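Colleague: coordinates for the following, if possible.
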Amino acid sequence: MQADFVIVGAGSAGCALAYRLSEAGASVLVIEHGGTDAGPFIQMPAALSFPMNMRRYDWGYRTEPEPQLNNRRLVCPRGKVIGGSSSINGMIYVRGHARDYDTWAEMGADGWAFADVLPYFKRMETWHGETGDPDWRGRDGPLHVSRGPRTNTLVRAFVEAGRQAGYPVTEDYNGRQQEGFGAFESTIWRGRRWSAANAYLRPALRRRNCTLVRAFVERVVIEDGRAMGVAVRRRGRAEVIGARREVILAASAINSPKLLMLSGIGPARDLAAQGIDVVADRPGVGRNLQDHLEMYIQMSAKAPVSLYKHWNILGKGLIGARWLLTRGGLGASNQFESCGFIRSAAGVDYPDLQFHFLPIAVRYDGQAPPEGHGFQAHVGPMRSKSRGTVTLRSPDPAAPPVIRFNYMSHDDDWRDFRTGIRLTREIFAQPAFAPFAGRELQPGDAAQTDAALDAAIRDHAESAYHPCGTARMGRRDDPMAVVDPETRVIGVDGLRLADSSVFPQITNGNINAPSILVGEKAADHILGRAPLAPDNAAPWVHPDWRSAQR
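Modeller: Coordinates of the predicted model:
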């Protein structure tokens, strides 16, 4: 079995690659270990807490004990299903800030500044926003981007409270002005999760030149310095799937570096310790691991205005039944319908704190506190300076990798987290929440000092599930770069890597949209096409950012 291009991973970037490469007429094989995404647990937006907690859809990875978080082992969900993590995530759509991509270019990712990537964001989306910046948005791309109905009183109160606290209201945080409070956008269309599988892979598979293969990839087959294909285990048998032109890894920021190392590409000393022959000594493989960490600031509600009344078997059953019949009702929303992006201090030039507001107090695993009605805001620093690693546990491809994020290992993270918690409390204390806000459930009114907040962070901070950066992009003379700006793996011909692994620095917000962007732009590099013409639209920057926090 062979094709022009072999793509490993049917996730966010892999699906985009399959669509664009097959659109150009090349033969494409997409290899995915996971199974079907059919069924309400994935397709119904409100059921988002289910798939990321089901081994059927998730690789089930956990971190090693995190020293700064009381040695807790945090979950690290990665989609093991068609659509990858876009089939188990919260469906939130955030491009990131323009300065994120300008920083990438400054770090050696030439051709990935914001002016270079904005045309690709436009190409990939069909935007359904009622208000905002249409000149910044796309109208005919595969990925539908919409906004929730925002009918819940608490959802509207959060935006108003942000305004009352002195922050701007933004009509479109994915447009000219990210900074401020406003409506969240999501990859939901006509009441259904619009994953990368729905947007890109299914249309690609309708072409005769694109094929999906279910198999477990064990390593890249490299001969005389060139990737010739991949060794897989399929239906209990070992075989090699050949690539006439290139192999493209798009297996996630966890599995892509693992596959590189299993194939002999990585830090030579680490590979030798595992008994793996070194093909290319790239010390950056598995390094530079980044994520967003967040706290849930939870409040009890004085009035029965939250979603808690539906948080029982009967309520969930009725929501599910209505969704199955009409694709409408509460089941058609991820319930993250308002948000905020703010700067933590004067002198910070663009937002470094993000808020997700939810009109119920509940964890990602679906557990609600016993107090009943409540609401919460997720808050956390966007540009942590902490860095972690992904390394091999053993040379056995079936063994899970060793994941160490080293969360909160930089002093600035503690300062920024405390600031985020205190600013959230200030927002909840605004008049807009006066009819609703009861006592603080988490971290609790008693947690006021720096020491008390630090203890709460150690006990309760959770991953936002945005791992990236483990095979970062850079110039070919950069010893820590793994891929060059055209996503070619440095040191091996015929091999590319295109997923969130290549991020030099984590972007500002949820990373699904930037991951799809990588697949979109990498496709043009792979096909040898000229990049889309730059768009020099200038983003809004707070005029007094040097002297004012808001």
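
Colleague: need the strands for the stretch 151-300 of the chain, in chain order.
Modeller: 180-183, 185-186, 188-189, 192-193, 210-214, 216-223, 226-234, 237-249, 265-266, 280-281, 293-301 (DSSP state E, counting those that start in this stretch).

Colleague: buried residues in the first one?
Modeller: Neighbour-count burial for strand 180-183, counted by 16 or more other C-beta atoms under 10 Å, picks out 180-183. No exception for glycine: its C-beta is placed from N, CA and C like everyone else's.

Colleague: quick one: contacts of that strand?
Modeller: By C-beta atoms under 8 Å, 6 or more residues apart in numbering, the residues outside strand 180-183 that reach it are 147-148, 150, 158-159, 161-163, 167-173, 337-342, 355.

Colleague: one more: the fifth one?
Modeller: The set of residues external to strand 210-214 that reach it, using C-beta under 8 Å, 6+ apart, is 1, 3, 10, 18, 22, 27-35, 82, 201, 204-205, 232, 234, 241.

Colleague: buried subset of those residues, written for PyMOL?
Modeller: To isolate the buried ones among the contacts of strand 210-214 in PyMOL, judged by 16+ other C-beta under 10 Å, type:
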select buried, resi 3+10+18+22+27+28+29+30+31+32+33+34+82+201+204+205+232+234+241
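
Colleague: inside strands: which ones of the contacts of strand 210-214?
Modeller: 3, 28-32, 232, 234, 241 (DSSP state E).

Colleague: so how far is residue 427 from residue 453?
Modeller: 16 Å (C-beta to C-beta, to the nearest Å).

Colleague: quick one, phi/psi of the nearest residue to residue 260 once chain neighbours are set aside?
Modeller: Using C-beta to C-beta, 6 or more residues apart in numbering and skipping the chain neighbours, the partner closest in space to residue 260 is residue 285 (5.1 Å). In terms of degrees, to the nearest 10, the main-chain angles of residue 285 are phi -70, psi 120.

Colleague: please renumber the chain so that the first residue is 121 from this point on.
Modeller: Shifting the count to begin at 121 puts that one at residue 405.

Colleague: from what I see, residue 405 and residue 599 are in contact.
Modeller: No: if you go by C-beta atoms under 8 Å, residue 405 and residue 599 don't touch, sitting 11.6 Å apart.

Colleague: compare the two (neighbour count), which wins?
Modeller: Using other C-beta atoms under 10 Å as the criterion, residue 405 and residue 599 rank with residue 405 on top: 30 against 10.

Colleague: ok, now which ones touch that one?
Modeller: Neighbours of residue 405 in contact, by C-beta under 8 Å, 6+ apart: 377, 380-381, 385-387, 590-591, 602.

Colleague: from residue 612, how far out is it?
Modeller: Applying C-beta to C-beta to residue 405 and residue 612 gives a distance of 11 Å.

Colleague: common neighbours of the two, please.
Modeller: residue 385.

Colleague: low-confidence stretches in this protein?
Modeller: 484-490 (pLDDT under 70).

Colleague: distance from the centroid: which residue in the chain tops it?
Modeller: residue 344 (35.6 Å; C-alpha atoms, centre = their mean).

Colleague: for it, grab phi and psi.
Modeller: According to degrees, to the nearest 10, residue 344 has phi 50, psi 40.

Colleague: which SSE is the closest residue to residue 504 other than its chain neighbours in?
Modeller: Spatial nearest neighbour of residue 504, chain neighbours left out: residue 533 (5.2 Å); criterion: C-beta to C-beta, 6+ apart. Following DSSP states H and E, one finds residue 533 within helix 531-548.

Colleague: other SSEs contacting that helix?
Modeller: On a contact count with 3 or more C-beta pairs under 8 Å, 6 or more residues apart in numbering; DSSP states H and E, helix 531-548 meets helix 273-284, strand 413-421, strand 473-478, strand 494-501, strand 557-562, helix 570-580.

Colleague: got the contact list for the fifth one?
Modeller: Applying C-beta under 8 Å, 6+ apart, the contact partners of strand 557-562 are 415-422, 481, 489, 491, 494, 496, 545, 548-549, 565, 576, 580.

Colleague: so for that strand, what gets flagged as buried?
Modeller: 557-558, 560-562.

Colleague: closest to residue 212 out of these?
Modeller: Using C-beta to C-beta, residue 562 is the member of these that lies nearest residue 212, at 21.2 Å.

Colleague: may I have the beta-bridge partners of the closest one?
Modeller: residue 418 (DSSP bridges).

Colleague: again with residue 499
Modeller: With DSSP bridges as the rule, residue 499 is bridged to residue 415, residue 475.

Colleague: any figure for the gap between it and residue 415?
Modeller: 6 Å.

Colleague: the more surrounded of these two?
Modeller: Remark: of residue 499 and residue 415, residue 499 carries more neighbours, 26 against 23, as counted by other C-beta under 10 Å.

Colleague: okay, now the closest residue in space to residue 278 that isn't next to it in sequence: neighbour count?
Modeller: Take residue 278 and drop its neighbours on the chain: the residue closest to it by C-beta to C-beta, 6+ apart is residue 477, 4.2 Å away. Using other C-beta under 10 Å, residue 477 has 27 neighbouring residues.

Colleague: again, but for the one 4 residues further on
Modeller: Burial of residue 481, expressed as a neighbour count using other C-beta under 10 Å, amounts to 26.

Colleague: can you tell me the helix or strand for residue 229?
Modeller: Using DSSP H and E, residue 229 falls outside every helix and strand.

Colleague: so what's the residue lying closest to it once chain neighbours are set aside up against?
Modeller: Distances taken as C-beta to C-beta, 6+ apart place residue 593 nearest to residue 229, at 4.4 Å, with adjacent residues excluded. Residues near residue 593 by C-beta under 8 Å, 6+ apart: 224, 228-229, 232, 601-605, 607, 622-624.

Colleague: quick check: bridge partners of residue 593?
Modeller: residue 603.

Colleague: any idea how far residue 605 is from it?
Modeller: Counting by C-beta to C-beta - residue 593 and residue 605 are separated by 6 Å.

Colleague: again, but for residue 346
Modeller: For residue 346, the distance to residue 605 - C-beta to C-beta - is 21 Å.

Colleague: hmm, back to that, identify, from the contacts of residue 593, the entry nearest to residue 191.
Modeller: residue 623 (27.6 Å).

Colleague: tell me how many other residues surround the closest one.
Modeller: 29.

Colleague: that one contacts residue 591, doesn't it?
Modeller: No: the criterion here is C-beta under 8 Å, and residue 623 misses it with residue 591 at 9.3 Å.

Colleague: which residues are common contacts for those two?
Modeller: Contacts common to residue 623 and residue 591, judged by C-beta under 8 Å, 6+ apart, are residue 373.

Colleague: coming back round to it: redo the contacts of residue 593 as a markdown table? Include distance to residue 198.
Modeller: Listed next are the contacts of residue 593 as a markdown table, based on distance: C-beta to C-beta, whole Å:
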| residue | distance to residue 198 |
| --- | --- |
| 224 | 23 |
| 228 | 27 |
| 229 | 23 |
| 232 | 24 |
| 601 | 23 |
| 602 | 19 |
| 603 | 20 |
| 604 | 25 |
| 605 | 26 |
| 607 | 20 |
| 622 | 16 |
| 623 | 15 |
| 624 | 21 |
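
Colleague: which one of the residues you listed sits closest to residue 218?
Modeller: Closest to residue 218, out of all of the contacts of residue 593 and judged by C-beta to C-beta, is residue 224, at 10.9 Å.

Colleague: checking the closest one next. Helix, strand or coil?
Modeller: Classification of residue 224 using DSSP: H, G, I helix; E, B strand; the rest coil returns helix.

Colleague: distance of it from residue 216?
Modeller: 10 Å.
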